[in-house]
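S.K.: Show me how the following folds:
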Amino acid sequence: MSENRNKRIADNESFVSLIQLAKEDKEIKNRILMILKLDSFNRISLLNTFISEMNLKGAPEDFVEAFVYLKDDSVANEAIKIITNA
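M.R.: Model (predicted):
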């Protein structure tokens, strides 16, 4: 992943908050890890559905973008490492 994309992810407060929440809340952690540990096709399919639902319900753009990042294999793998090292 490019350095520019890493900076965009780190600048997304909703993404950082999502990861921090997953580190602190066991239920959220288990749900996020369940999604992240799916194979790429199923993870992306589930996230696409979830993202579409959030867009239809008018969720804040930066919050939706936090989940878009998780579709990337390298981001998903890194998130697993960060969350499980809590």
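S.K.: which residues in the protein form helices?
M.R.: For the chain, applying DSSP state H gives helices covering 3-11, 13-24, 26-36, 40-56, 61-69, 73-84.
S.K.: could I get the ones you listed as JSON lines with mean pLDDT and mean neighbour count?
M.R.: C-beta coordinates here come from the backbone N, C-alpha and C atoms, glycine included. Converted to JSON lines, those look like this (pLDDT from 0 to 100; neighbours: other CB atoms under 10 Å):
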{"stretch": "helix 3-11", "mean pLDDT": "62", "mean neighbour count": "12"}
{"stretch": "helix 13-24", "mean pLDDT": "90", "mean neighbour count": "16"}
{"stretch": "helix 26-36", "mean pLDDT": "94", "mean neighbour count": "14"}
{"stretch": "helix 40-56", "mean pLDDT": "97", "mean neighbour count": "13"}
{"stretch": "helix 61-69", "mean pLDDT": "90", "mean neighbour count": "17"}
{"stretch": "helix 73-84", "mean pLDDT": "93", "mean neighbour count": "15"}
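S.K.: And Ile51, how far from Asp72?
M.R.: Separation of Ile51 from Asp72 (CB to CB, to the nearest Å): 13 Å.
S.K.: Check Ser52 too.
M.R.: Distance of Ser52 to Asp72, given as CB to CB: 18 Å.
S.K.: Please apply the same query to Asn85.
M.R.: According to CB to CB, Asn85 stands 20 Å off from Asp72.
S.K.: These two: which has the busier surroundings?
M.R.: Using other CB atoms under 10 Å, the more surrounded residue of Asn85 and Asp72 is Asp72, with 17 against 7.
S.K.: Backbone dihedrals for the more buried one, please?
M.R.: Backbone dihedrals for Asp72, given as degrees, to the nearest 10, come out at phi -80, psi 130.
S.K.: for Asp25, same thing?
M.R.: Torsion angles, degrees, to the nearest 10, at Asp25: phi -110, psi 120.
S.K.: That one: neighbour count?
M.R.: That count, for Asp25 with other CB under 10 Å as the rule, works out to 12.
S.K.: In terms of pLDDT, where does it sit?
M.R.: Turning to Asp25, the model gives it a pLDDT of 91.
S.K.: Who are the contact partners of it?
M.R.: By CB atoms under 8 Å, 6 or more residues apart in numbering, the contact list for Asp25 is empty.
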